[in-house]
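1. take a look and give me a structure for this.
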Amino acid sequence: MDIMTIMESRHSVRQYVDKPIESDKRDVLNKMIQEFNTAANLNIQIFYDEPNCFNSLLAHYGKFSGVSNYICMVGPKSVDLDEKVGYYGEKLVLKAQELGLNTCWVASTHGKSAAKIEKGQKQAIIISLGYGANQGHVHKNKENLAQLSNDNPEWYKTGVKAALLAPTAINQQKFFIERNGEEITITAKSGPCAKIDLGIVKCHFEMASGHKVL
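-> Numbers count the residues shown, from 1 in each chain. Here you go, the predicted model:
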């Protein structure tokens, strides 16, 4: 399955069925997390068969049910932590989708996680994980989110299309993409989880276009 197909098929899912994640799929995700923690100086932690985090009033308010697997995006407090967890977290989200699993970025509608947070670190956000009771729904895109012209190369058009498929907090899509020759800049406006969203959008653009974002 190519990356655009994975991005197009992935939607936020809040309701999950009682089906354990197989050991081979756990191995793939565990290995990726180890690699990302080393490469980006993060402390991402994944929990399987742990229903307590989403057994809370906040989770029920957020319409979550059946969640017993989740990923805690943890790392040292820094100005770029949110962007990093968005970038690497979305790589995990897309890999989960490729493995036939469903996910949802969860900013606050959950209970206490099982994550071990060291001194100087923080848990930036959580990703629910598992087999969805449904496959979620397509979200509508805003307009004027990218610099567009007739002479844009195909790789840029592909990157923009992928960026528009990126999940953002309350579907706010507060970003703008600009191209100057081969150089790409993506900026984020203020808003809930704006820097996390920026990391997610950059991940989508880079994976689909093959071009690095500044």
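
2. contacts only, for the residue positioned nearest the centre of the chain.
-> For the chain, the residue nearest the mean C-alpha position is residue 90 (3.1 Å; CA atoms, centre = their mean). By CB atoms under 8 Å, 6 or more residues apart in numbering, the residues touching residue 90 are 166-167, 199-200, 203-204. For every residue, glycine as well, the C-beta is placed using N, CA and C.

3. from residue 10, how far off is it?
-> Counting by CB to CB, to the nearest Å, the separation of residue 90 from residue 10 is 10 Å.

4. and what of residue 63?
-> For residue 63 relative to residue 10 (CB to CB), the value is 19 Å.

5. what do you get for residue 68?
-> Counting by CB to CB, the gap from residue 68 to residue 10 is 20 Å.

6. what's the distance between residue 49 and residue 69?
-> 7 Å.

7. then residue 1?
-> 22 Å.

8. also residue 6?
-> 19 Å.

9. quick one, which of those two is more surrounded?
-> The neighbour count for residue 6 versus residue 69, taken as other CB atoms under 10 Å, is higher for residue 69 (26 against 18).

10. do a quick rundown of the helices in this structure.
-> Secondary structure of the chain by DSSP state H: the helices cover 3-9, 23-40, 57-61, 81-98, 154-164, 194-209.

11. verify the stated contact: residue 178 with residue 149.
-> No: between residue 178 and residue 149 there is no contact, the gap being 11.1 Å when judged by CB atoms under 8 Å.

12. residue 160: what's it in contact with?
-> 145-146, 148, 177, 205.

13. ok, and the most crowded of the residues you listed?
-> These, ranked by neighbours (other CB under 10 Å): first place residue 205, 28 neighbours.

14. is that residue in contact with residue 212, as I believe?
-> No: between residue 205 and residue 212 there is no contact under CB under 8 Å: 9.3 Å.

15. now for these two: what residues contact both?
-> With CB under 8 Å, 6+ apart, residue 205 and residue 212 have common neighbours residue 184.

16. show me which of the contacts of residue 160 is closest to residue 159.
-> residue 205 (4.2 Å; CB to CB).

17. and that closest one, what is it in contact with?
-> Residue 205 neighbours (CB under 8 Å, 6+ apart): 159-160, 162-163, 177, 184, 186, 211, 213.

18. so which of those residues comes closest to residue 18?
-> Nearest to residue 18 among the contacts of residue 205, counting by CB to CB, is residue 162 at 33.0 Å.

19. report the contact partners of that closest one.
-> With CB under 8 Å, 6+ apart, residue 162 has these contacts: 3-4, 7, 204-205, 207-209.

20. excluding covalently adjacent residues, which one is nearest to it?
-> residue 208 (3.3 Å; CB to CB, 6 or more residues apart in numbering).

21. just checking, that neighbour touches residue 8?
-> No: using CB under 8 Å, residue 208 makes no contact with residue 8, being 10.5 Å away.

22. these two - which one has more neighbours?
-> Between residue 208 and residue 8, counted using other CB under 10 Å, the more crowded position is residue 208 (22 against 14).

23. what number of residues lie near residue 185?
-> 12.

24. I figured it hits residue 214, correct?
-> Yes: with contacts counted by CB under 8 Å, residue 185 reaches residue 214, the gap being 5.2 Å.
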